[in-house]
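1. below: sequence and its predicted model.
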Amino acid sequence: MRKVKKVGLAILGTLLYCSFLSGASESSTLQMLARAIANSDNESVQISLMKGMLKSLEGRRGIDAPESWVDVRGNVSSSDNAEAKRLLQELSQIFGDEDAALEALNTVRNQSANAGEREGALRSLLAQRNDALAIELETLLDDRELRTSAIRAFGIMPQPGAAQLLLNRYRGFDMSDRRVVIETLATRIEYARELLGSLRSGAIEKSEIPTYAARTLESMLGSDFSEVYGDAAALSGDKGALFEKYRKLLTPEIMTNADPFEGKVVFDRTCAACHLMYGEGGEIGPDLTGSNRANLDYILLNILDPSADIPDSYKMVTVTTHEGQTLVGSIAEENGRRIVLNSVGQKQIVAKQDIKSRVVSDISMMPEGLLMTLKDDEVANLIQYLRTEEPLGGVKLKWNF
């Protein structure tokens, strides 16, 4: 009986979600959902319906609350179920409820609160472009739990002096957050210009700009960027010549002295944002754990010419919003009202009403030229790490010429 009820709830949630996409009146559908939630005394039903409602409204702002929403708040707010309360708060913010926004803001400020709850509250405030949150962002840079999200938030909610603030604090961050700073500065033209100034002065080294960020910066700044960084598009050069260059470099003698542990450091810096390896890393590109990593030619082909045979799901999509933000990723989901971009380190939900332009490129999200940004010993160490057959500890290496 319980299984039947769960299946019924799932079907109901799906039908209600689809009613949005089929062109049914949004206000009437929201009112139907709200009335059902308010009239139910079953938390499973309430949660299922609120999930369907939230899924339909992802990325949206400024939606009028359905008439029955005050009854929903009265019903659900007294619940002891943390998930039900979270869903209620997120939906209430979408409906412009100032009390719900203040509650979320207090959760973000409360360093004794659960880290996941604080992160969720920050995301919901960002989604609604909450002005009060903008005032908190500089303080959150000192908060280890929320620092990464706070850095990214400056890209979503731009502020005067934000780029210089991030650059001034750059050296105090760990390697992961430094990369997030570079990614964030590559999302807005005014931030990108500040980053270029730091490149010119030597405060930021060329090696600290990931190749995927360099490609975006070059498209934004043009020759001003390439004069300092070099031609990001030309890094790939003649692929045949590059293939031979690295084939000759990575001899058995060189690889004997290559260090897989140092290679993991290089991998974490240059590859892990997009690729999983032994269960760790990003999910933009394929999981490398099960790939044919023993074969040198296979590794070089996929690194040097990642766009040679690229599925649509890995093609690079560049989205520019009406607010001036540039987002790069691959399309993870799409419906009539929003897209979900699979970007480096995060998924980004963008309402279609916010999109100024969208360009799909016949190139991979993985930039060419990765190896050319590394020293020869770093290349050898990286390849040695990619050859491992299990996580470092009990290292087994296999070489296939």
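-> Arrived safely, thanks for sending. Residues are numbered from 1 along each chain as shown.

2. now do the same contact list for Thr148.
-> Neighbouring residues of Thr148 by CB atoms under 8 Å, 6 or more residues apart in numbering: 176-177, 180. Every residue, glycine included, has its C-beta placed from N, CA and C.

3. filter these down to the ones in helices?
-> Applying DSSP state H to the contacts of Thr148, the entries found in helices are 176-177, 180.

4. quick one: the helices in the stretch 201-350 of the chain, in order.
-> Taking DSSP state H, counting those that start in this stretch as the test, the helices found in the stretch 201-350 of the chain are 211-221, 223-229, 239-249, 252-256, 260-270, 296-304.

5. just say which of the ones you listed is most tucked in.
-> Among these, helix 211-221 has the highest mean neighbour count (mean count of other CB atoms under 10 Å), at a mean of 22.

6. for it, packing partners?
-> helix 189-201, helix 223-229, strand 326-334 (3 or more CB pairs under 8 Å, 6 or more residues apart in numbering; DSSP states H and E).

7. before we move on, the earlier item: closest one to Ser112 among the helices of the stretch 201-350 of the chain?
-> For those, the distance to Ser112 is smallest for helix 260-270, at 31.3 Å, taking CB to CB.

8. so which one among the ones in helices among the contacts of Thr148 has the lowest pLDDT?
-> Within those, Ser176 has the lowest pLDDT, namely 85.

9. Met316 versus that one, what's the distance?
-> Relative to Met316, Ser176 is positioned 23 Å away (CB to CB, to the nearest Å).

10. show me which of those two is the more surrounded one.
-> Set Ser176 next to Met316 and count neighbours by other CB atoms under 10 Å: Met316 wins out with 21 against 14.

11. my guess is the more buried one contacts Ile331. True?
-> No. Met316 is beyond contact range of Ile331, at 10.2 Å (criterion: CB atoms under 8 Å).

12. poorly predicted segments of the stretch 101-250 of the chain, please.
-> Low-confidence segments of the stretch 101-250 of the chain, defined by pLDDT under 70, are located at 232-238.

13. mind running it again at 90?
-> For the stretch 101-250 of the chain, the stretches flagged by pLDDT under 90 are 175-176, 179, 206-216, 219, 229-248.

14. so who does the most centrally placed residue in the chain touch?
-> Nearest residue to the geometric centre of the chain (CA atoms, centre = their mean): Gln346, 1.6 Å. Gln346 makes contact with Arg152 under the criterion CB under 8 Å, 6+ apart.

15. show me what it is bridged to.
-> Ser343 (DSSP bridges).

16. ok, back up a step: same list, the helices and strands packed on helix 211-221, but as a markdown table with distance to Gly240 please.
-> Below are these laid out as a markdown table (distance: least, CB to CB, whole Å):
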| stretch | distance to Gly240 |
| --- | --- |
| helix 189-201 | 31 |
| helix 223-229 | 24 |
| strand 326-334 | 28 |
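
17. and of those, who's closest to Gly161?
-> Between Gly161 and these, the shortest separation by CB to CB is 9.5 Å, and it involves helix 189-201.

18. now distance to Asn110 too, for the ones in helices among the contacts of Thr148, in CSV please.
-> Listed next are the ones in helices among the contacts of Thr148 as CSV, based on distance: CB to CB, whole Å:
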residue, distance to Asn110
Ser176, 24
Asp177, 22
Val180, 23
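
19. which of those residues lies closest to Tyr170?
-> For the ones in helices among the contacts of Thr148, the residue nearest Tyr170 by CB to CB is Asp177; the value is 8.7 Å.

20. need the contact list for the closest one.
-> Contacts of Asp177 (CB under 8 Å, 6+ apart): 147-148, 151.
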